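>>> Here's my sequence, what's the structure:
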Amino acid sequence: MIPARRPGILALIPALIPGLIACVAVALVAVAVQALEVRLFGRGWIDAIVLSILIGAAIRSVWTPPAAILPGIEFSARSLLEMAVVLLGASVSAATVIAIGPGLLAGTAVVVVLALAVSYGIGRLLRLPHRMAVLIACGNAICGNSAIAAVAPVIDADAEDVSAAIAFTAVLGIAVVLLLPLLGQALQMTDVRYGVLAGLTVYAVPQVVAATLPVGAVANQAGTLIKLVRVLMLGPVCLCLAIVTGLRRRGRDSRLERTSPVRGLAIRQLVPWFIIGFLLLMAARSMNLIPPELLPALADSAKVLTILSMAALGLSTDARAVARSGVRIASVVILSLLALLGLALGLIYLLSLA
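Here you go, the predicted model:
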């Protein structure tokens, strides 16, 4: 018997269109709301990435998508997000770490690793599921929503987990931007120290800019550089998580099929294609193989794809499931941030920065 052919990608496109249209509609509303924020308040306090998932989840709470829309939503939530992760590699360059110095560079990496371990431990101590604890730990230690979105497909996280982690992390990220300057004043920190503190603790690059610009250009430059080093950790962390997840999945499969012979692990079983793509683009950026005029377009494309995928995650999210776990997630996020703040202050004073 001749095996049936699997449908090609082009044959699947018509089935994806209704769901893609729904995600685009939610994303456009999110972008419009952010633009309205900027017009009314001078800045966007809640990013379109967060707004898209909140708006999508709100719609999902009162409307169940029909079956015809589901394929496009599932494609957007996973495949578009994976494409966005690949494009994010072009925004990270190893050259940015040269001006920082080996001590602060190594210290930043150590803070990220310790923050990952402490945050994951807090999550498990408060009985969060493994995947949720990983998402919160990565969002807290690396770069907030972007890290959560990048790590989610690596560990096969559910839409509810991603939505909850992003929602709580986003709210706390805004609070940090507002309160961190007050802490810097209370501790009488120099501009350099405050910039490093912001770079080590604030979640997103735009939020670092918002938290440091009022203090001064020196604080802004220091904060941005340190933040970029944290973002640079996203690739290695995703790679390690991909390997661990692949080994866990392989171990689970081998327990289910004890009679099957043990075979060697292929690289594609351990490292997803989009992580390889991320690392290749990061290497290309570091070697100046990407024309500078293309970098803004790649960054914008990554953000657009992320907004669309977050809209899809929102439309896939059961808001009631998120609400049921809200108190524990909020507690883990807050405690994780406090731990990160303590580690950052410890590094600053250990290195005796000016």
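
>>> In terms of position in space, what residue lies nearest the middle of the chain?
residue 147 (2.0 Å; C-alpha atoms, centre = their mean).

>>> what about it, which helix or strand?
For residue 147, the host element (DSSP states H and E) is helix 144-151.

>>> Can you name the next helix or strand after that helix?
Using DSSP H and E, the helix or strand that follows helix 144-151 in sequence is helix 159-186.

>>> For that next one, give the mean pLDDT please.
Mean pLDDT, helix 159-186: 81.

>>> Remind me what it packs against, helices and strands.
For helix 159-186, the packing partners by 3 or more C-beta pairs under 8 Å, 6 or more residues apart in numbering; DSSP states H and E come out as helix 48-62, helix 130-138, helix 144-151, helix 191-201, helix 205-212, helix 295-315, helix 319-324, helix 326-350. Using the backbone N, CA and C atoms, a C-beta is placed for each residue, glycine as well.

>>> List the buried residues of it.
159-170, 172-174, 176-177, 180-181, 183-184 (16 or more other C-beta atoms under 10 Å).

>>> and if you look at stretch 119-132?
Here stretch 119-132 shows 119, 120, 122, 123, 124, 128, 131, 132 as buried, counting by 16+ other C-beta under 10 Å.

>>> Would you check that the fifth one makes contact with residue 131?
No - shown here, residue 124 and residue 131 do not form a contact pair, counting by C-beta atoms under 8 Å, at 11.3 Å.

>>> how near is residue 72 to residue 156?
Counting by C-beta to C-beta, to the nearest Å, the separation of residue 72 from residue 156 is 20 Å.

>>> wait, residue 204
Distance from residue 204 to residue 156, counting by C-beta to C-beta: 24 Å.

>>> Neighbour count: the two, which is higher?
Using other C-beta atoms under 10 Å as the criterion, residue 204 and residue 156 rank with residue 204 on top: 22 against 11.

>>> Contact partners for that one?
Applying C-beta atoms under 8 Å, 6 or more residues apart in numbering to residue 204 gives the contacts 47, 143, 144, 145, 146, 173.

>>> change it to 6 Å
By C-beta atoms under 6 Å, 6 or more residues apart in numbering, the contact set of residue 204 is residue 144.

>>> Please apply the same query to the one 3 residues further on.
Under the criterion of C-beta under 6 Å, 6+ apart, the contact list for residue 207 reads 173, 177.

>>> wait, doesn't residue 26 sit right on residue 55?
Yes - using C-beta atoms under 6 Å, residue 26 is in contact with residue 55, at 5.5 Å.

>>> So for the two, which residue has more residues nearby?
residue 26 (28 against 21).

>>> Do you know the pLDDT at the more buried one?
Residue 26 is given a pLDDT of 96.

>>> Repeat that for the one 5 residues further on.
Confidence at residue 31, expressed as pLDDT, is 93.

>>> Residue 17 versus that one, what's the distance?
Taking C-beta to C-beta, one finds residue 31 at 21 Å from residue 17.

>>> which of those two has more neighbours?
Legend: neighbour count by other C-beta under 10 Å for residue 31 and residue 17, higher for residue 31 (16 against 13).

>>> Next, the more buried one: secondary structure please.
What DSSP: H, G, I helix; E, B strand; the rest coil gives for residue 31 is helix.

>>> from what I can see it touches residue 47, true?
No - checked against C-beta under 6 Å, the pair residue 31 and residue 47 is beyond contact range at 10.2 Å.

>>> Surely residue 241 and residue 154 touch.
Yes - taking contacts as C-beta under 6 Å, residue 241 lies within contact range of residue 154: 5.0 Å.

>>> Compare those two (neighbour count), which wins?
Neighbours were counted for residue 241 and for residue 154 using other C-beta under 10 Å; residue 154 has more, 25 against 19.

>>> For that one, what are phi and psi?
Dihedral pair for residue 154: phi -70, psi -40, per degrees, to the nearest 10.

>>> any weak-confidence spans in the stretch 201-350 of the chain?
The model of the stretch 201-350 of the chain has pLDDT under 70 over residues 206, 210, 250-272, 275, 318-325.

>>> Apply 50 and report the result again.
Along the stretch 201-350 of the chain, segments meeting pLDDT under 50 span 256, 258-270.

>>> now do the stretch 1-150 of the chain
1-4.

>>> 70 - rerun?
For the stretch 1-150 of the chain, the stretches with pLDDT under 70 are 1-11, 92, 94-100.
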